[in-house]
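Trainee: make a model of this:
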Amino acid sequence: MEYRPLGTTGLKVSVLCLGTMTWGEQNTEAEAHEQLDYAVSRGINFIDTAEMYPVPPMAETQGRTEAYIGSWLKRRGRRDDLVIATKIAGPGMDHIRDGDSRFTREQLREAVDGSLRRLQTDYIDLYQLHWPARRTNFFGRLGYQPARKEDILTPIQDTLEGLQELVQAGKIRHIGLSNETPWGVMRFLAAAEQQGLPRVQSVQNPYNLLNRTYEIGMAEVSHREQCGLLAYSPLAFGMLTGKYLDDQWPEKGRLTLYKRFSRYLNEQGKAATAEYVALAREHGLEPAQMALAFVTSRPFLTSNILGATTMDQLRADIDSIDVTLPEPVLKSIEAIQTRVPNPCP
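Mentor: Below you'll find the predicted structure:
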């Protein structure tokens, strides 16, 4: 396993991170524990979750994923060799803080205390703001339209001061952002530097062969500001495995079960996926491993977040750490990207 610095924290995290958002929906508690045991045995020390998981988010399951991690931590009896990340939800989830989750001192404290209780731990290594509490581009939204009414924003300085109180209390160690834009990251970094407040150490955004928009603006921020990418959806919800090509709908596939997740299903995305799958097979590579190895190879990446619903998937995904893409494959990937640039942003 390879390990990379988590920003300026002094922590080193495995370049592959274990994602958890299916636990409590598609995966049982026992299956979650099996995944955790195996991932740690393979050298993964980085686990990512969120207060709203599992996905799709529902009131009756909210927090279940963190609870599964908590029961595993209690059974395991060791904590300090792991880096655990979780997130506070932004506004929009009706069942979380009445649909008006904001990044105020009070709500940050409430959310952190809830996560700590479910995780059965005394501290969170990386605490992330899951999406901006303002109108902007995230979750595939294209174009920019200002809100008709001015956003009711918690000032960034106030949010950072609330996070600083949690750091001082020993409840969280470091902070990160998620689904953010260059403007948002730079404003957080500037406020932290000016006021001596906690510094953003990472940005968790989507990044995969069908959506490389992170390279436009955000990659430079990650490189120059030492707040690397935690890449989620590196397989584009499973599209890049090739299992959905030719209108195949595997029985337990995520896109089969949950029709709301259509981000990677447009015609351009299907066409690009077919090219990537054919390229992998031409070179004797598994399509999923080629897609994961590409993400892992990026210089602005801190960690590549894997999500699997079966142990066979997880084993194969972790095996991608041993795949180095030859120059002809990398050149062909760039040629496909040039012909079909970011078909599923």
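Trainee: what about residue 67, neighbour count?
Mentor: 17 (other C-beta atoms under 10 Å). To be clear about C-beta, it is placed using only N, CA and C from the backbone, and glycine gets the same treatment.
Trainee: that one contacts residue 118, correct?
Mentor: Yes. In this structure, residue 67 is within contact of residue 118 by C-beta atoms under 8 Å, at 4.6 Å.
Trainee: contact partners for residue 241?
Mentor: For residue 241, the contacting residues are 235, 287, 288, 291, by C-beta atoms under 8 Å, 6 or more residues apart in numbering.
Trainee: again, only using 6 Å
Mentor: Residues near residue 241 by C-beta atoms under 6 Å, 6 or more residues apart in numbering: 287, 288.
Trainee: what are the ranges of the strands in the stretch 51-200 of the chain?
Mentor: 83-88, 124-129, 172-178, 200-206 (DSSP state E, counting those that start in this stretch).
Trainee: for those strands, which one sits closest to residue 314?
Mentor: strand 83-88 (18.2 Å; C-beta to C-beta).
Trainee: tell me the centre residue of the chain?
Mentor: Central residue of the chain (C-alpha atoms, centre = their mean): residue 232, 3.6 Å from the mean position.
Trainee: so the spatially closest residue to it that is not a sequence neighbour, which of the three states?
Mentor: Excluding the flanking residues, the one nearest residue 232 by C-beta to C-beta, 6 or more residues apart in numbering is residue 305, at 4.8 Å. Secondary structure, DSSP: H, G, I helix; E, B strand; the rest coil: residue 305 is strand.
Trainee: what's the spacing between residue 305 and residue 206?
Mentor: 10 Å (C-beta to C-beta, to the nearest Å).
Trainee: now do the shared contacts for these two.
Mentor: By C-beta under 6 Å, 6+ apart, the residues touching both residue 305 and residue 206 are residue 232.
Trainee: so residue 306 touches residue 315, yeah?
Mentor: No. Contact criterion C-beta atoms under 6 Å: residue 306 and residue 315 do not qualify, at 10.7 Å.
Trainee: what does the helix or strand of the chain with the lowest mean pLDDT contact?
Mentor: Ranked by mean pLDDT, DSSP states H and E, the weakest helix or strand in the chain is helix 254-257, scoring a mean of 83. Here helix 254-257 makes contact (C-beta under 6 Å, 6+ apart) with 237, 238, 244, 249, 250, 261.
Trainee: for ChimeraX, write a command that selects the buried ones of the residues you listed.
Mentor: To isolate the buried members of the contacts of helix 254-257 in ChimeraX, using 16 or more other C-beta atoms under 10 Å:
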select :237,238,244
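Trainee: that older thread, adding distance to residue 337 and mean pLDDT, write the strands of the stretch 51-200 of the chain out as TSV.
Mentor: Formatted as TSV, the strands of the stretch 51-200 of the chain follow (distance: least, C-beta to C-beta, whole Å; pLDDT from 0 to 100):
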stretch	distance to residue 337	mean pLDDT
strand 83-88	29	98
strand 124-129	28	98
strand 172-178	24	98
strand 200-206	15	98
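Trainee: between the ones you listed, which one is nearest to residue 21?
Mentor: strand 83-88 (10.5 Å).
Trainee: so what does that closest one touch, helix or strand wise?
Mentor: strand 46-48, strand 124-129 (3 or more C-beta pairs under 6 Å, 6 or more residues apart in numbering; DSSP states H and E).
Trainee: fine, thanks again, bye for now.
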